[in-house]
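>>> would you be able to build a 3D model of this:
(one chain, ligands or ions: 1)
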Amino acid sequence: MMMDRFFRLGKPFLHAMDAETAHTLTLAALKSGWLPLESSADDPSLKLTLWGRQFTNPVGLAAGFDKNAEVVSPMLKLGFGFVEAGTVTPKAQGGNPKPRVFRHPDSQAVINRMGFPNTGADVFKKNMETFLDVKPRPAGIVGINIGMNKTQTDPAKDYCYLIRALGAYADYFTVNISSPNTPGLRNLQNRENLLPLLAQIMAERKKSCGSEAPPPILVKLSPDIEESQRETIADALVESGIDGIVLTNTTLARPDHLPYPFREQPGGLSGAPLTETATETLKSFYRLTRGKIPLIGVGGISSGADAYSRIRAGASLVQLYSALVFQGPALVKRIKDDLIKSLARDGFTSLSQAIGADHSASLPLAKKVSHGG
Ligand SMILES: Cc1cc2nc3c(=O)[nH]c(=O)nc-3n(C[C@H](O)[C@H](O)[C@H](O)COP(=O)(O)O)c2cc1C
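Here you go, the predicted structure:
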């Protein structure tokens, strides 16, 4: 793959720089149009219909890479089945002081404390319009991850504003209430805050997006939710009528093997050290929701084996970000090729048969999510 050669040539330079500067340069290169982006058609066994949307493959770009929806098209062309742009907030904001992103290649880990820097909903909307204006539009689903401004004291106002402003552009919305870098945000995960917030969001969607094919509403959760709280939260999510859960965001935990001084950076940890907790959290929410709500698995996915085991654990779709930093764009095709092999090896003719396969013996009464294709 041509693009992989570019990555291997550029990686020593990019990784010698501050992580955020390297990311800004990567975005500029992707936007420039001179990178050779190509991907072959996806194998039919990777197809999935979810929320009435056709995914040609289940591998998505996680939120945070393309905060302002500037590189949706190139990322879809790289072979992602879907891109989650954002987190976007109503007003532009600068985020926390730099430096605020740190990588540790030996641990395949990233710590970030960005605090939702983004250019705001108006610019986001223009970027989405530009993306949609270019025909033919590359195949793929585009989700919009929404968050509140740091200065907002009534969170529902910001989330509802974004649903109104961006509803026409979203194949789905992810309500981000799990970033560790916006003070108080994660308190929205508590049942007493969660239920009223989601009720207002669902009402706003009904009002401003119509009832024909309104964008599904997903909620993104933290891997740091106490085990004792999970059931209450899962019940609240089912009760609220939301359409999906994204598990997980970054963690404040620091596994023992993570070296000093990297581990002492404040912020959310992602990449390989998150794999186990993110998988365990997803498994637990699949069980608690009895497989009734589609889940997107994210956190430390860096290979086809990781993606496949997340799907067997209950994910209908997967996403990644950190592994892309270390392995480059060829990773997307590698994961898809390995998924095809894993499905065939285990006798599945389509992806939907593998979703939650690890649970089937233990969830005899569960009415599983229905997937087409
Ligand atoms: C630099 C950076 C910025 C991120 N920004 C966001 C964000 O704006 N919104 C969000 O929901 N998640 C954000 N995330 C979290 C990722 O979407 C993902 O949930 C997390 O990194 C775990 O996946 P990974 O291990 O594949 O990176 C960010 C992650 C990183 C590394």
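>>> look up how far A307 lies from the nearest residue to A272 once chain neighbours are set aside.
Nearest residue to A272, sequence neighbours excluded (CB to CB, 6 or more residues apart in numbering): Q108, at 3.9 Å. Bear in mind the C-beta positions are built from the backbone N, C-alpha and C, glycine included. Taking CB to CB, to the nearest Å as the measure, Q108 falls 15 Å from A307.
>>> looking at the two, which is more packed in?
More neighbours surround A307 than the other of Q108 and A307, with 25 against 20 (other CB atoms under 10 Å).
>>> I figured that one hits Q319, correct?
No - under the criterion of CB atoms under 8 Å, A307 makes no contact with Q319, lying 9.6 Å away.
>>> what is in contact with the two at once?
Common contact partners of A307 and Q319 (CB atoms under 8 Å, 6 or more residues apart in numbering): V59, G297, I301.
>>> just the ones of those in strands?
Those of those mapping onto strands are V59, G297, per DSSP state E.
>>> let me have the shared contacts of A307 and Q319 in JSON lines, extended by pLDDT and neighbour count.
Listed next are those as JSON lines, based on pLDDT from 0 to 100; neighbours: other CB atoms under 10 Å:
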{"residue": "V59", "pLDDT": "98", "neighbour count": "25"}
{"residue": "G297", "pLDDT": "98", "neighbour count": "31"}
{"residue": "I301", "pLDDT": "98", "neighbour count": "30"}
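>>> who's in contact with the lengthiest helix in the chain?
Longest helix of the chain, by residue count under DSSP state H: helix 191-209. Contacts with helix 191-209, where a contact means CB under 8 Å, 6+ apart, come from 155-156, 159-160, 163-164, 167-168, 173, 175, 177, 187-188, 214-215, 217, 219, 232-233, 235-237, 239-242.
>>> ditto for stretch 8-17
With CB under 8 Å, 6+ apart as the test, stretch 8-17 has contacts from A22, L25, T26, R103, P105, G328.
>>> next: stretch 87-94.
63-64, 67-69, 115-121, 123-124, 144-150, 152, 158, 161-162, 165-166, 176, 179.
>>> only the buried subset of those, as a ChimeraX command please.
In ChimeraX syntax, the buried subset of the contacts of stretch 87-94 is picked out as below (16 or more other CB atoms under 10 Å):
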select :63,64,67,68,69,115,116,117,118,119,120,121,124,144,145,146,147,148,149,150,152,158,161,162,165,166,176,179
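>>> which of the contacts of stretch 87-94 fall within helices?
Assignment to helices by DSSP H places the following of these there: G120, A121, V123, F124, D158, Y161, L162, A165, L166.
>>> state the distance from the closest residue to the fifth one other than its chain neighbours to V134.
It stands for D158. What sits nearest to D158 in space, not counting adjacent residues and going by CB to CB, 6+ apart, is M148, at 3.9 Å. M148 is 31 Å from V134, where distance means CB to CB.
>>> what pLDDT does S32 get?
On pLDDT, S32 comes in at 89.
>>> near the ligand, which residues of the stretch 51-200 of the chain are found?
The stretch 51-200 of the chain has residues 62-64, 67, 87, 101, 110, 112, 114, 116, 145, 176, 179 near the ligand, with proximity defined as CB under 6 Å from any ligand atom.
>>> contacts only, for the residue in the chain that the ligand sits nearest to.
Relative to the ligand, the nearest point of the chain is G64 (2.2 Å; CB to the nearest ligand atom). Applying CB under 8 Å, 6+ apart, we find G64 in contact with G86, T87, N112, M114, N145, Y321.
>>> one more pass at 7 Å, please.
Contacts for G64 (CB atoms under 7 Å, 6 or more residues apart in numbering) come out as T87, Y321.
>>> tell me the pLDDT of it.
At G64, the predicted lDDT confidence score is 98.
>>> list phi and psi for it.
When read as degrees, to the nearest 10, the backbone of G64 gives phi 110, psi -30.
>>> start the count at 267, not 1, going forward
Got it, first residue is 267 now, which makes that one G330.
>>> where do the helices sit along the stretch 467-616 of the chain?
Ranges of helices in the stretch 467-616 of the chain, per DSSP state H, counting those that start in this stretch, are 493-506, 541-554, 570-578, 588-593, 596-611.
>>> buried ones in the second one, by neighbour count?
Right, helix 541-554. Neighbour-count burial for helix 541-554 [16+ other CB under 10 Å]: T541, T543, A544, T545, T547, L548, K549, S550, F551, Y552, R553, L554.
>>> is the ligand within reach of it?
No - using CB under 6 Å from any ligand atom, helix 541-554 stays clear of the ligand, with a minimum separation of 6.8 Å.
>>> what does the shortest one give?
Yes - using CB under 6 Å from any ligand atom, a contact is recorded between helix 588-593 and the ligand, made by S588, A589.
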